[in-house]
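[1] With the sequence up front, the predicted model follows.
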Amino acid sequence: MKLNQLIAILQSVKTNAGKGKTEVYQLAQKSALFQGLSRTYQSREEDGFIYPAESQKLTLKASDLIDKFIQASSELFDLAATQDYANTEAKASIVIDGQTIIADAPVSYLLFLEKQLQDIKTFIGSLPVLSIDKD
């Protein structure tokens, strides 16, 4: 996978991982899901009524939640590590009209510059423009 492809999908992976971890956290807060039950009744009297045994299996185990958490997080961890390790090796130069403006800039700085250029474009686009009949 190329770095630009990784950057393109990283945000959606972060969102999905966040949703998955939130779901696991919310399940962990529901203590009733972790409680099982096994009851047997004995009569107090020899000829007394005997209630049927009750049982309720665990709905959820902590190990299941750990597995879900790992599943929700692992792709994000892998992609983040891939990006960070690639950022330490990937470099590019900015060349305008044959003149090198910035040489061997790391990817993280190029992404920063891209954001700054977008802010500059937004600012310039918001400037008022006088009509041509005004001096």
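    Perfect, thanks for sending it. Numbers count the residues shown, from 1 in each chain.
[2] where's the residue lying closest to Leu3 once chain neighbours are set aside, which helix or strand?
    Distances taken as Cβ to Cβ, 6 or more residues apart in numbering put Ala86 closest to Leu3, at 4.9 Å, once the chain neighbours are dropped. C-betas here are computed from N, CA, C, even on glycine. If you go by DSSP states H and E, Ala86 is part of helix 62-89.
[3] Return the residues in contact with His103.
    One thing to correct before we go on: residue 103 is Ala, not His. Ser93 (Cβ atoms under 8 Å, 6 or more residues apart in numbering).
[4] Check what pLDDT it gets.
    If you check Ala103, the pLDDT there is 90.
[5] For the helix holding Ala86, name the packing helices and strands.
    Packing partners of helix 62-89 (3 or more Cβ pairs under 8 Å, 6 or more residues apart in numbering; DSSP states H and E): helix 3-28, helix 107-126.
[6] Domains in the protein, by residue range?
    Residue ranges for the domains of the chain, per automatic domain parsing: 1-89, 91-127.
[7] Figure out how far the shortest one is from the centre of its chain.
    Translated: domain 91-127. 27 Å (Cα atoms, centre = their mean, to the nearest Å).
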